[in-house]
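this one's sequence-less:
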(Lines give C-alpha, C1' and ligand atoms only; values in the text may rest on other atoms or scores of the structure.)
Protein backbone atom coordinates (compact mmCIF):
# COMPACT_ATOMS: atom_id res chain seq x y z
CA UNK A 1 0.00 0.00 0.00
CA UNK A 2 1.01 3.56 -0.56
CA UNK A 3 1.97 6.04 2.15
CA UNK A 4 -1.19 8.09 1.56
CA UNK A 5 -3.36 5.04 2.24
CA UNK A 6 -1.57 4.40 5.55
CA UNK A 7 -1.88 8.06 6.44
CA UNK A 8 -5.61 7.99 5.65
CA UNK A 9 -6.18 4.87 7.76
CA UNK A 10 -4.23 6.32 10.69
CA UNK A 11 -6.16 9.59 10.42
CA UNK A 12 -9.50 7.77 10.51
CA UNK A 13 -8.40 5.70 13.51
CA UNK A 14 -7.19 8.84 15.30
CA UNK A 15 -10.52 10.62 14.63
CA UNK A 16 -12.54 7.66 15.90
CA UNK A 17 -10.40 7.46 19.05
CA UNK A 18 -10.69 11.20 19.62
CA UNK A 19 -14.47 11.03 19.18
CA UNK A 20 -14.71 8.12 21.61
CA UNK A 21 -12.56 9.79 24.27
CA UNK A 22 -14.33 13.17 24.01
CA UNK A 23 -17.91 11.87 23.67
CA UNK A 24 -20.07 14.03 26.01
CA UNK A 25 -21.54 12.34 29.07
CA UNK A 26 -25.12 12.65 30.27
CA UNK A 27 -24.26 15.56 32.60
CA UNK A 28 -23.01 17.59 29.62
CA UNK A 29 -26.31 16.91 27.81
CA UNK A 30 -28.24 18.09 30.90
CA UNK A 31 -26.12 21.26 31.10
CA UNK A 32 -26.57 22.05 27.39
CA UNK A 33 -30.34 21.57 27.68
CA UNK A 34 -30.47 23.78 30.80
CA UNK A 35 -28.56 26.55 29.04
CA UNK A 36 -30.78 26.32 25.95
CA UNK A 37 -33.95 26.34 28.06
CA UNK A 38 -32.73 29.41 29.98
CA UNK A 39 -32.07 31.20 26.66
CA UNK A 40 -35.56 30.27 25.45
CA UNK A 41 -37.18 31.64 28.61
CA UNK A 42 -35.18 34.86 28.35
CA UNK A 43 -36.04 35.30 24.65
CA UNK A 44 -39.71 34.60 25.32
CA UNK A 45 -39.76 37.20 28.09
CA UNK A 46 -38.27 39.72 25.65
CA UNK A 47 -40.97 38.81 23.11
CA UNK A 48 -43.63 39.75 25.68
CA UNK A 49 -41.83 42.95 26.68
CA UNK A 50 -40.63 41.75 30.08
CA UNK A 51 -37.29 43.29 31.01
CA UNK A 52 -34.81 42.07 33.61
CA UNK A 53 -35.51 43.57 37.04
CA UNK A 54 -35.83 42.41 40.65
CA UNK A 55 -39.19 40.72 40.07
CA UNK A 56 -38.14 38.90 36.90
CA UNK A 57 -34.87 37.87 38.57
CA UNK A 58 -36.91 36.31 41.38
CA UNK A 59 -39.01 34.57 38.75
CA UNK A 60 -35.83 33.31 37.08
CA UNK A 61 -34.56 31.89 40.37
CA UNK A 62 -37.83 30.04 40.95
CA UNK A 63 -37.95 29.01 37.28
CA UNK A 64 -34.39 27.68 37.36
CA UNK A 65 -35.29 25.31 40.20
CA UNK A 66 -38.25 24.08 38.14
CA UNK A 67 -36.09 23.77 35.02
CA UNK A 68 -33.49 21.73 36.91
CA UNK A 69 -36.09 19.27 38.24
CA UNK A 70 -37.73 19.07 34.80
CA UNK A 71 -34.40 18.28 33.17
CA UNK A 72 -33.59 15.62 35.77
CA UNK A 73 -36.86 13.88 34.97
CA UNK A 74 -37.08 14.43 31.21
CA UNK A 75 -33.56 14.63 29.75
CA UNK A 76 -31.35 11.65 29.06
CA UNK A 77 -28.57 10.78 26.65
CA UNK A 78 -28.07 7.89 24.27
CA UNK A 79 -24.41 6.96 23.97
CA UNK A 80 -23.21 5.60 20.63
CA UNK A 81 -19.51 5.44 21.68
CA UNK A 82 -18.26 8.09 19.20
CA UNK A 83 -21.29 10.39 19.50
CA UNK A 84 -24.42 10.75 21.60
CA UNK A 85 -27.91 12.21 21.39
CA UNK A 86 -29.92 14.29 23.86
CA UNK A 87 -33.35 12.76 24.42
CA UNK A 88 -36.36 14.62 25.86
CA UNK A 89 -39.08 12.31 27.22
CA UNK A 90 -42.56 13.78 27.66
CA UNK A 91 -45.82 11.86 28.18
CA UNK A 92 -44.06 8.63 27.24
CA UNK A 93 -42.84 10.04 23.91
CA UNK A 94 -39.12 10.39 23.24
CA UNK A 95 -37.79 13.26 21.15
CA UNK A 96 -34.19 13.66 20.05
CA UNK A 97 -33.40 17.32 20.65
CA UNK A 98 -29.62 17.38 20.57
CA UNK A 99 -26.41 15.82 19.36
CA UNK A 100 -23.07 15.46 21.12
CA UNK A 101 -19.60 14.79 19.77
CA UNK A 102 -16.01 15.87 20.41
CA UNK A 103 -16.83 17.25 23.87
CA UNK A 104 -19.67 19.52 22.71
CA UNK A 105 -23.47 19.19 22.79
CA UNK A 106 -25.67 21.03 20.30
CA UNK A 107 -29.38 21.47 21.07
CA UNK A 108 -31.62 21.97 18.04
CA UNK A 109 -33.17 25.37 17.36
CA UNK A 110 -36.42 23.50 16.66
CA UNK A 111 -36.75 23.16 20.44
CA UNK A 112 -37.00 26.93 20.79
CA UNK A 113 -39.55 27.21 17.99
CA UNK A 114 -41.73 24.46 19.52
CA UNK A 115 -41.56 25.79 23.08
CA UNK A 116 -42.27 29.36 22.04
CA UNK A 117 -45.30 28.16 20.11
CA UNK A 118 -46.56 26.20 23.12
CA UNK A 119 -45.94 29.15 25.47
CA UNK A 120 -47.76 31.56 23.18
CA UNK A 121 -50.68 29.16 22.77
CA UNK A 122 -50.84 28.63 26.55
CA UNK A 123 -50.69 32.34 27.35
CA UNK A 124 -53.22 33.35 24.72
CA UNK A 125 -55.67 30.47 25.36
CA UNK A 126 -55.58 30.81 29.15
CA UNK A 127 -55.54 34.60 29.45
CA UNK A 128 -58.87 36.49 29.39
CA UNK A 129 -57.07 39.58 28.07
CA UNK A 130 -56.50 37.77 24.78
CA UNK A 131 -60.04 36.32 24.50
CA UNK A 132 -62.37 37.77 21.93
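Right, received. Where do you want to start? Computed from a predicted model, the values in this text were never measured in an experiment. Residues are numbered from 1 along each chain as shown.

any idea which element the residue positioned nearest the centre of the chain lies in?
By C-alpha atoms, centre = their mean, the chain has its centre lying nearest to residue 33, at 3.0 Å. Residue 33 is part of helix 26-47, with elements assigned from DSSP states H and E.

Now do the strands for the chain: every range, in order, please.
75-79, 84-90, 93-101, 104-107 (DSSP state E).

what stretches of this structure score poorly on pLDDT?
In the predicted model of the chain, residues 1, 48, 50-60, 63, 119-120, 122-132 satisfy pLDDT under 70.

give the contact list for residue 16.
By C-beta atoms under 8 Å, 6 or more residues apart in numbering, residue 16 lies in contact with residue 82. Any C-beta I mention is one placed from the backbone N, CA and C, and that applies to glycine too.

Can you give me the distance of it to residue 7?
According to C-beta to C-beta, to the nearest Å, residue 16 and residue 7 sit 15 Å apart.

do residue 23 as well
Applying C-beta to C-beta, the value for residue 23 to residue 7 is 25 Å.

Look at these two and report which has more neighbours.
It is residue 23, of residue 23 and residue 7, that has more neighbours when counted by other C-beta atoms under 10 Å, with 19 against 10.

Skipping adjacent residues, who's closest to the more buried one in space?
Spatial nearest neighbour of residue 23, chain neighbours left out: residue 84 (5.7 Å); criterion: C-beta to C-beta, 6 or more residues apart in numbering.
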